[in-house]
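*Asks:* Here is a sequence with its predicted model. Questions after.
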Amino acid sequence: MRIAVTGSIATDHLMTFHGKFADQLVAEQLENISVSFLVDELEIRRGGVAANISFALGRLGLSPVLAGAVGKDFDDYRSWLERHGVDTKSVHVSEQKHTARFQATTDTEQNQIASFYAGAMGESDQIEIKPIADRLGGLDLVLIGPSDPAAMLQYTDECRDRGYPFAADISQQLAIMAGEDIKKLVEGATYLFTNDYESSLLLQHTGWTKDEVLDRVGSWVITYGDEGVRIEGRNHEPVVVGAIPDANPADPTGVGDAFRAGFFWGLSWKLSMERAAQVGCALASIVIEAVGPQEYDLDRSEFSNRLAKAYGNEVAAEVESKLRI
């Protein structure tokens, strides 16, 4: 499958303060706050929706094209992605801004002081889809993930104008975008991805009913966490797949991204939508057990065993014959 993945590329800088923020703050002086904390730990994790999905697709043996905006500080991250099968030739590098960054300090009470720097992500609208399609000899799918809202609208318009199939994955941007803009992102999507909460948010912001959404997309994929996934569309029967049981959650970051990658990997091998969703659930169960959205290992036997335990030996055998991990 020739797939371009647009959306955020970021790093997370996570620090731990072995104390309580409350002990460092003076209630009467909060309007003039100026404090610093000596932190004991620092974790830097690679992330961003588009990068997470691309990384997972690369680990599964595809060669996705990552399309997002970064800063000149991206070299190490680029090398990491390329070593894992990701095509980064269409990444835009800002001359002035750094790669998007989430920075958070957490105290012993799990209170958190955090900030997000969008940085180069604001230049995502300088990327066009056509040069990617020309370079690859066409595109089977463009995944439009959360990024700068103007860029998301631009990519969607270009896909419709040029006839590129696209998947709408609005994600956290649903909370801040106007209803009319959300409608533009959804209209004509081959696949629409939301979780349960985002589904309600989408209906609320657009004023559409569920049926009106289904009239406008090929398939609506709704994830329900540990309850699995449901896929509906006008041209196929509903597909319901349960989650992999007995996963040991360590970090939920990037789990939805892993599902999307597994799902599209399955479709790239012409597997049924049900089978593709099962692959997505299996990959999601592996990612949730790791700390960090790209810090997991993939083992062919383990992957197959998870599928067999949850969905049966025939499912595992069908998928394992396609695995290149």
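*Replies:* Yep, that arrived. Computed from a prediction, not measured in an experiment: that's the story for all the values here.

*Asks:* what about the helices in the stretch 1-150 of the chain?
*Replies:* Secondary structure of the stretch 1-150 of the chain (DSSP state H, counting those that start in this stretch): helices located at 21-24, 49-59, 75-83, 130-136, 149-162.

*Asks:* Who does the closest residue to I113 other than its chain neighbours form a beta bridge with?
*Replies:* Among residues not flanking I113 along the chain, T105 sits closest, at 5.1 Å (C-beta to C-beta, 6 or more residues apart in numbering). (C-beta placed from N, C-alpha, C; glycine too.) Beta-bridge partners for T105, by DSSP bridges, are M15, I113.

*Asks:* ok, T105 touching F17?
*Replies:* Yes. Look at T105 against F17 with C-beta atoms under 8 Å: they come within range, at 5.4 Å.

*Asks:* And the helices of the stretch 1-150 of the chain: which comes nearest E198?
*Replies:* helix 49-59 (13.1 Å; C-beta to C-beta).

*Asks:* Against which helices or strands is that closest one packed?
*Replies:* For helix 49-59, the packing partners by 3 or more C-beta pairs under 8 Å, 6 or more residues apart in numbering; DSSP states H and E come out as strand 3-6, strand 65-67, helix 75-83, helix 255-268.

*Asks:* can you redo the ones you listed as CSV with mean pLDDT, distance to A243 and mean neighbour count?
*Replies:* Supplementary listing: the helices and strands packed on helix 49-59 in CSV, determined by pLDDT from 0 to 100; distance: least, C-beta to C-beta, whole Å; neighbours: other C-beta atoms under 10 Å:
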stretch, mean pLDDT, distance to A243, mean neighbour count
strand 3-6, 98, 24, 30
strand 65-67, 98, 27, 27
helix 75-83, 97, 28, 15
helix 255-268, 97, 10, 26
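
*Asks:* and for stretch 149-167, what are the contacting residues?
*Replies:* For stretch 149-167, the surrounding residues in contact (C-beta atoms under 8 Å, 6 or more residues apart in numbering) are 6, 124-125, 127-130, 133, 139-144, 146, 168, 170, 173, 176-177, 181, 184-185, 187-193, 260, 264.

*Asks:* Neighbour count says what about those? Which are buried?
*Replies:* 6, 124-125, 127-129, 133, 139-144, 146, 168, 170, 173, 177, 181, 184-185, 189-193, 260, 264 (16 or more other C-beta atoms under 10 Å).

*Asks:* What are the buried residues along the one helix or strand in the chain whose mean pLDDT sits lowest?
*Replies:* One helix or strand of the chain scores below all others by mean pLDDT, DSSP states H and E: helix 21-24, with a mean of 82. For helix 21-24, burial by neighbour count (16+ other C-beta under 10 Å) applies to F21.

*Asks:* Could you export that helix as PDB, CA atoms only?
*Replies:* Provided in PDB are the C-alpha atoms of helix 21-24 (Å, rounded to 0.1, in the frame of the first residue of the first chain):
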ATOM      1  CA  PHE A  21       4.500  21.200  44.200                       C
ATOM      2  CA  ALA A  22       2.200  22.400  46.900                       C
ATOM      3  CA  ASP A  23       5.100  22.600  49.300                       C
ATOM      4  CA  GLN A  24       6.900  25.000  47.000                       C
END
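
*Asks:* Give me the contact list for it.
*Replies:* With C-beta under 8 Å, 6+ apart as the criterion, helix 21-24 contacts V35, F37, D107, E109, N111, I113.

*Asks:* out of those residues, which are inside strands?
*Replies:* Using DSSP state E, I113 are the members of the contacts of helix 21-24 that sit in strands.

*Asks:* right, and the pair among the contacts of helix 21-24 with maximum separation?
*Replies:* Most distant of the contacts of helix 21-24, by C-beta to C-beta, are V35 and E109, 16.2 Å apart.

*Asks:* Roughly how far does the residue nearest to I113 sit from R78?
*Replies:* 27 Å (C-beta to C-beta, to the nearest Å).
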